[in-house]
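Q: return atomic coordinates for the entry below.
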Amino acid sequence: MALDHQPTDENAQVGRGTVCVGSCRGHPCRGHHTDDPERAANQFRAAIGNIRKTLRDATGTSNKQFVTYSADRYRLDSETIDVDLWRFTHHLHTVDGDDPTKALAAALGDYNGDLTDGHTYEWAEPLRESLHRQAVDAYARLAEEHEHSGETQQAVTTLEHALALDSYNEDLYQRSIRLLGELGRTDAIRRLYRHLQNKLADLDIDPDPATEHLVSSYLPGGLWRPPTGRPDDAMR
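A: Residues are numbered from 1 along each chain as shown. As a prediction, this is how the structure comes out:
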């Protein structure tokens, strides 16, 4: 969590999971099953109290709730708390408007890593994967917008960000190779293809023939495969 956009350690260990749940408004998430719902409810209310106290102490205020309760639900108070997840999803909902490039860039600017990164919450796993995929798709869409605007190098850079999040996505490699080919950057194509080979070797699979054909179309002499078949030597 952050106070005035600066990280604060004061509440780092207090109700972290509870705050995360509250941040996921509008997203389906399933909590843990418990055989003692009354005890779980008491723990939850205690966590809410600790969150309020910690934030009041951190902000020097005494009259703010930070977590509100209405209609049998606890919610983070959007008047006093801002969440990057909220901004991320808000911007994604506007990408089909007048300026998709701006909306996508704003969304990705608010994607600060995987949900609850570094912490294991069973309820968060499906949502973490969904948001991760949305970020990859947003980078891919932003690359398309740059390409359509004639900003080929910017499209390549954007796809590099996408590959950093999904380094096994062969479609992203193919798109990057095609753009690098348009720029005449054959050395970059070699490096990228070698990287793909090494990643797929982890899974004991080879690149798709369509990828090999695409790479060959941009390289003088095409692909060269050594007798050993080692990925690191697969490009001359």
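
Q: quick check, Tyr69 in a strand?
A: Yes - assessed with DSSP: H, G, I helix; E, B strand; the rest coil, Tyr69 lies in a strand.

Q: just the pLDDT for it.
A: If you check Tyr69, the pLDDT there is 82.

Q: who does it bridge with?
A: In this entry, Tyr69 is beta-bridged to Tyr74, by DSSP bridges.

Q: that one - how many residues pack around it?
A: 11 (other C-beta atoms under 10 Å). For glycine as for every other residue, the C-beta is placed from the backbone atoms N, C-alpha and C.

Q: same question, Tyr74
A: Per other C-beta under 10 Å, the neighbour tally for Tyr74 reads 16.

Q: next one: it from Ala41, what distance?
A: Using C-beta to C-beta, to the nearest Å, we find Tyr74 at a distance of 11 Å from Ala41.

Q: just Gly49 next, same as before
A: Taking C-beta to C-beta as the criterion, Gly49 is separated from Ala41 by 13 Å.

Q: before we move on, what about Tyr168?
A: Look at Tyr168 and Ala41: by C-beta to C-beta, they are 42 Å apart.

Q: who does the helix or strand encompassing Asp171 touch, helix- and strand-wise?
A: Assigned by DSSP states H and E, Asp171 falls within helix 170-182. If contacts are counted by 3 or more C-beta pairs under 8 Å, 6 or more residues apart in numbering; DSSP states H and E, helix 170-182 sits against helix 125-148, helix 152-165, helix 186-201, helix 209-218.

Q: out of the ones you listed, which is closest to His93?
A: Relative to His93, the nearest member of the helices and strands packed on helix 170-182 by C-beta to C-beta is helix 125-148, separated by 11.0 Å.
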